[in-house]
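Asks: here's my sequence, what's the structure:
(2 chains)
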Amino acid sequence: KNQVEQSPQSLIILEGKNCTLQCNYTVSPFSNLRWYKQDTGRGPVSLTIMTFSENTKSNGRYTATLDADTKQSSLHITASQLSDSASYICVVSEGYSSASKIIFGSGTRLSIRP
Amino acid sequence: DGGITQSPKYLFRKEGQNVTLSCEQNLNHDAMYWYRQDPGQGLRLIYYSQIVNDFQKGDIAEGYSVSREKKESFPLTVTSAQKNPTAFYLCASSGPDPMVYGYTFGSGTRLTVV
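Replies: Alright, predicted model coming up:
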């Protein structure tokens, strides 16, 4: 069964610190992977997309990595800010990205403390 | 500004009652989707539509119904047959490939059974 697992489930760090969120997937064949940020009570917003051939992609203080061999991705947040408090969701597509082939992880809830 | 609008933000349903969640987009996207979000779980696909007057069931369509009479609108009805409807409902739209183009999500409707 195709799955997307994220860890940790929740994380609390101090403002200004760095953190790394993990995403492991068993989706096959793999097409691409996105990270979304979801503020409480809002819809998710896309941060990055990575295809099979990409290893690293950055979006400001967010850097995503992908190891397609081990089926792992990470999202690194540098110099965290209070506004980074949110849930971060890893999304993986199987083959052609029909909606029925897109699998969402359950997310990591990140809290930034002042 | 282009975007996707969900209403109402909060909705309360009595036992045995049907309720309809509204979703409107002005992004000129052909594809629209309904997802359900429960605590500790990834988003689950209820229904999706890739073109007007056509829609497909997702993974958890039982107890729900949709219509797509206009490109801009994709309302979701939660029927009395849905035994556990309390959840956060997210509507989204996208270009032809939701992973390549990314989803644009609405702000969600929180439905509670009273």
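
Asks: around chain B, pick out the residues from chain A.
Replies: Residues of chain A lying close to chain B by C-beta under 8 Å from any C-beta of the partner chain are A:4, A:9, A:31-32, A:34, A:36, A:41-46, A:49, A:89, A:91, A:93, A:96-97, A:99-100, A:102-107. For the C-beta atoms, the positions are set from N, CA and C on the backbone; glycine is no exception.

Asks: just give the number of residues close to the residue in chain A positioned nearest to chain B.
Replies: At 2.8 Å from chain B, A:Gly43 is the closest residue in chain A, using C-beta to the nearest C-beta. Using other C-beta atoms under 10 Å in any protein chain shown, A:Gly43 is surrounded by 22 other residues.

Asks: go on, A:Ser73?
Replies: 25.

Asks: now swap in A:Ser53 and tell me
Replies: The number of residues near A:Ser53, taken as other C-beta under 10 Å, comes to 8.

Asks: for B:Met32, see how far away it is.
Replies: With the distance defined as C-beta to C-beta, to the nearest Å, A:Ser53 ends up 30 Å from B:Met32.

Asks: can you name the residue of chain B nearest to chain A?
Replies: Nearest residue of chain B to chain A: B:Phe105, at 2.8 Å (C-beta to the nearest C-beta).

Asks: residues contacting that residue?
Replies: Going by C-beta atoms under 8 Å, 6 or more residues apart in numbering or on different chains, B:Phe105 touches A:Gly43, A:Pro44, A:Val45, B:Ile4, B:Leu90, B:Cys91, B:Ala92.

Asks: which SS class is the spatially closest residue to it that is not a sequence neighbour?
Replies: Leaving aside its chain neighbours, B:Phe105 sits nearest to A:Gly43 (2.8 Å; criterion: C-beta to C-beta, 6 or more residues apart in numbering or on different chains). Following DSSP: H, G, I helix; E, B strand; the rest coil, the label given to A:Gly43 is coil.

Asks: nice, that's everything, thank you.
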